[in-house]
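K.L.:
Structure for this input, please:
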Amino acid sequence: MAESLNDNTIHCLICATKSLKLSLEKSKALGLALDRAGPRLEEINQRLPSLRAAVRPIRAEKDALVAVGGHINRAVSPAGAVLKVFDAVHGLEKALLSDPQNDLPGYLSVLKRLQEALKFLGDNSGLAIQWLVDIVEYLEDNRVADDLYLSNLKNSLKNLRELQNDGERALLDGGLLDAALNKLENEFQRLLTEHSVPLPMSSSSLGKQACIAPSPLPVSVIQTLQAILGRLIAKNRLEKCISIYVEVRSLNVRESLRALDLDYLEVSVSEFNDVQSIDGYVTRWGTHLEFAVKHLFEAEYKLCIDVFERMRLDVWLDCFAKIVAQAGILAFLQFGKTVTESRKDPNKLLRLLDIFASLNKLRLDFNRLFGGAACVEIQNFTRDLIRSVIDGAAEMFSELLCQVELQKHTPPPPDGSVPRLVIIIIDYCNKLLGDGYKSILIQVLVIHRSWKREKFQEKLLVNEVLNIIKAIELNLETWMNVYEDINLSNFFAMNNHWHLYKHLKGTQVGDLLGDSWLKEHEQYKDYYATVFLRDSWGKLPNHLSREGLLLFSGGHATARDLVKKRLKAFNEAFDDMYKKQSNWVVLEEDLRERTCQVIVQVVVPVYRSYMQNYGPLVEQDASSSKYAKYTVQNLEKMLMSLFQPKPRRYGSFKGRQPSEKFNNGVRDDLRRIASSVM
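P.N.:
Numbers count the residues shown, from 1 in each chain. Coordinates of the predicted model:
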């Protein structure tokens, strides 16, 4: 029994011990829980004032709060929708701040969503605000909240409404749309710049460009530019696009033209003094202008239509006008105006006709490309240039005859050659009536007469040219009588009659003058050549007379002295004539060679025979070189070197009274001498 009691006691102690341990563990857990709950309770304690403040404005009874709940939900729902869209806008930010080049179609799609969202916000924000205003008024009317709370709500709504009404400050997207549009503008410029490549041109290759240049941009690029424009235009960015387009394309045209070396376009009026440079400049100008209009400007015209007009934008012509203006079309026209304002020069009339021909060739292109109101400055400048060219050309042509007549009183060239006036005028008349200029000159004169309400007939042009040739003939007659040396006068006549014959035969002017006129001048040349040779070189052989000379086997002192005397006279006459005529000039090579050959035939055979027969008489003398001064070979070489062209130097001459040179006897003598000598 005692053992049984002890066992029960021990069992009870064990159970008590376990119970105490369990209680301790629960106490510890509770202590830990209380430790953790302390900060939370402190947090709750700190939040209670704010909760009280939040609840304090609502002082209505439960029934009133239930009634106002529905009104609040109806007002907050539109505002909640607006907030959702606003959140969606910010969700597009990452895509819109990326580079459009990576995926332009995707970028444009996202941008479209942004614009639609912003339109929704713009259309519905005001409505949401008005609903909120209405619920605040309801709360105020039903005294659901205190006055301070309602006042704060009213101020917030007032600020929202002011922001909505102020378009510049209502940045619902935080500036995201402007940033995206700026990126699109940059992409627009990048595409244009990368695909705007100057034509690889040079002045030497212009003639090979026979066809109009193709579109300078691929179709895919044009379509992309149009897609970008479609987005930018919607936000009033068209002017910026035009500015970018004009800047890039005009720069590209200028780069294409730069390879042609157009520095001459900037030549001033005072610099137009060298005739040759004017000729070269005008020729290049016509080629370059045609290239610029038919290739560069034509391509820009079509491209403006492709990019802008096909999007139903009426700005394409203004855009084109700005491009050609910045590319330098006015510089081309100003060059033509500079030529018209330069000093009058013998070749200026032809240069004016060249300018007119170039402009007339491009007339249809000018009317089509620059015919719109946007190109009014180009139109006015072109009209002024054409009028200046026509007036200047008509005036210079009408003055030609007067200028030729005035030159009658100037001295002829001292070397007996063809006066520069004769060379220029004959060449002028041939060109004016030739295939290259006749039709152009007629067109210019027709237009000029039409401005005066007068008619022009082709015979007026022909008669004017023939009168100019007749004036040249009269000038030659006058100039012949100016020379004091009759031999130089005949030499001058020979030169000029041959020039008239040679340079008019086979030409339009020569055909109008007729064969008899040409043959007459050919005969005049023959006559004066014969008279010149007879009265100058033809007298030299007379100094080598054989009269009184008898040769014996041993020779005689008398014969030797006579040979010396005659050789000395020959040498003196030859030296004097050679010195004088070595400064005379025959420009025409065929006439110069033939004249020298005739002089050689007149002088050299006589001299050779004389020296062969009588030269030994003086060659044995100690002073033989004084008399046998020239070998036959040297004499012939000297004579064949006569009349070579030299730089012209004009002097003054004393005139003598004109005399009648061509009576019937002289004409007969001309035919006889010409047939026997020349």
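K.L.:
Which of the helices and strands in this protein ranks last by mean pLDDT?
P.N.:
Among the secondary structure pieces of the chain, namely its helices and strands, helix 664-677 has the lowest mean (mean pLDDT, DSSP states H and E), a mean of 34.
K.L.:
From Leu433, how far off is Val444?
P.N.:
Counting by C-beta to C-beta, to the nearest Å, the gap from Val444 to Leu433 is 14 Å. All C-beta atoms are positioned from the backbone trio N, CA, C, and that covers glycine.
K.L.:
more neighbours, the two?
P.N.:
More crowded of Val444 and Leu433, by other C-beta atoms under 10 Å: Val444, with 26 against 21.
K.L.:
Report all helices and strands that the strand or helix carrying the more buried one contacts.
P.N.:
For Val444, the host element (DSSP states H and E) is helix 438-451. Using 3 or more C-beta pairs under 8 Å, 6 or more residues apart in numbering; DSSP states H and E, the elements in contact with helix 438-451 are helix 348-361, helix 376-406, helix 458-480.
K.L.:
Give me the spatial nearest neighbour of Val315, chain neighbours excluded.
P.N.:
Phe308 (5.7 Å; C-beta to C-beta, 6 or more residues apart in numbering).
K.L.:
now do Cys375
P.N.:
Distances taken as C-beta to C-beta, 6+ apart place Ala321 nearest to Cys375, at 4.8 Å, with adjacent residues excluded.
K.L.:
count of residues packed around that neighbour?
P.N.:
Residues near Ala321, counting by other C-beta under 10 Å: 22.
K.L.:
shouldn't it be in contact with Leu369?
P.N.:
No. Here Ala321 does not reach Leu369: they are 9.6 Å apart, not a contact under C-beta atoms under 8 Å.
K.L.:
Please enumerate the shared neighbours of those two.
P.N.:
Residues touching both Ala321 and Leu369 (C-beta atoms under 8 Å, 6 or more residues apart in numbering): Cys375.
K.L.:
follow-up on the earlier one: and the residue nearest to Val315, what does it touch?
P.N.:
Residues touching Phe308, when contacts are defined by C-beta under 8 Å, 6+ apart, comprise 229, 315-316, 319.
K.L.:
ok, the closest residue to Leu349 other than its chain neighbours to Glu588 distance?
P.N.:
Excluding the flanking residues, the one nearest Leu349 by C-beta to C-beta, 6+ apart is Met396, at 4.3 Å. As defined by C-beta to C-beta, Met396 lies at a distance of 28 Å from Glu588.
K.L.:
Out of the helices and strands packed on helix 438-451, which is the most enclosed?
P.N.:
Between these, helix 348-361 has the highest mean count of neighbours, a mean of 22, where neighbours are mean count of other C-beta atoms under 10 Å.
K.L.:
Which secondary structure elements does it sit against?
P.N.:
Under the contact criterion of 3+ C-beta pairs under 8 Å, 6+ apart, helix 348-361 touches helix 275-291, helix 329-341, helix 376-406, helix 420-432, helix 438-451.
K.L.:
I'd like those written out as CSV, with distance to Glu484 and mean pLDDT added.
P.N.:
Shown next, in CSV, are those (distance: least, C-beta to C-beta, whole Å; pLDDT from 0 to 100):
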stretch, distance to Glu484, mean pLDDT
helix 275-291, 33, 83
helix 329-341, 43, 93
helix 376-406, 24, 94
helix 420-432, 21, 92
helix 438-451, 41, 92
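K.L.:
so can I have JSON lines of those helices showing distance to Pro541?
P.N.:
Written out in JSON lines, the entries for the helices and strands packed on helix 348-361 read as follows (distance: least, C-beta to C-beta, whole Å):
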{"stretch": "helix 275-291", "distance to Pro541": "46"}
{"stretch": "helix 329-341", "distance to Pro541": "58"}
{"stretch": "helix 376-406", "distance to Pro541": "42"}
{"stretch": "helix 420-432", "distance to Pro541": "34"}
{"stretch": "helix 438-451", "distance to Pro541": "51"}
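K.L.:
And those helices: which comes nearest Asp515?
P.N.:
helix 420-432 (16.9 Å; C-beta to C-beta).
K.L.:
and the closest one, which residues are buried?
P.N.:
421-423, 425-426, 428-432 (16 or more other C-beta atoms under 10 Å).
K.L.:
Tell me the one of the residues you listed nearest Phe291?
P.N.:
For the buried residues of helix 420-432, the residue nearest Phe291 by C-beta to C-beta is Lys431; the value is 25.3 Å.
K.L.:
which residues does Pro605 contact?
P.N.:
Going by C-beta under 8 Å, 6+ apart, Pro605 touches no other residue.
K.L.:
any idea how far it lies from Met640?
P.N.:
As it turns out, when the distance is counted by C-beta to C-beta, Pro605 lies 15 Å from Met640.
K.L.:
For the stretch 551-678 of the chain, which segments count as helices?
P.N.:
If you assign secondary structure with DSSP state H, counting those that start in this stretch, the helices in the stretch 551-678 of the chain sit at 557-581, 589-619, 624-627, 632-640, 664-677.
K.L.:
Go ahead and confirm Val462 touches Cys429.
P.N.:
No. With contact defined as C-beta under 8 Å, Val462 and Cys429 do not form a contacting pair (10.5 Å).
K.L.:
and Thr283, which of the helices and strands packed on helix 438-451 is closest to it?
P.N.:
Put simply, out of the helices and strands packed on helix 438-451 the one that sits nearest Thr283 is helix 348-361, at 7.1 Å, with distance taken as C-beta to C-beta.
K.L.:
Run the angle between the closest one and helix 376-406 for me.
P.N.:
Orientation of helix 348-361 against helix 376-406 (axes from the mean of the first three to the mean of the last three C-alpha atoms, to 10 degrees) gives an angle of 150 degrees.
K.L.:
Show the subsequent helix or strand relative to helix 348-361.
P.N.:
Counting by DSSP H and E, the next helix or strand C-terminal to helix 348-361 is helix 363-369.
K.L.:
Please work out which residues outside that following helix touch it.
P.N.:
Outside helix 363-369, the residues within contact range by C-beta under 8 Å, 6+ apart are 293-294, 297-298, 301, 320, 324, 359, 375, 382.
K.L.:
how close does Leu476 sit to Ile425?
P.N.:
Spatial separation of Leu476 from Ile425 under the definition C-beta to C-beta is 11 Å.
K.L.:
wait, Tyr630
P.N.:
In this structure, Tyr630 lies at 42 Å from Ile425, with C-beta to C-beta as the measure.
K.L.:
Kindly report the same for Ile355.
P.N.:
For Ile355 relative to Ile425 (C-beta to C-beta), the value is 22 Å.
K.L.:
Equivalent analysis for Asp314, please.
P.N.:
56 Å.
K.L.:
How about Phe297?
P.N.:
Between Phe297 and Ile425 the distance, using C-beta to C-beta, works out to 40 Å.
K.L.:
picking up where we left off before, going by distance to Asp391, which of the buried residues of helix 420-432 wins?
P.N.:
Using C-beta to C-beta, the shortest approach to Asp391 within these belongs to Leu432, at 17.6 Å.
K.L.:
so what's the residue lying closest to the closest one once chain neighbours are set aside up against?
P.N.:
Spatial nearest neighbour of Leu432, chain neighbours left out: Leu441 (5.7 Å); criterion: C-beta to C-beta, 6+ apart. In this structure, Leu441 makes contact with 353, 393, 397, 432, 461, judged by C-beta under 8 Å, 6+ apart.
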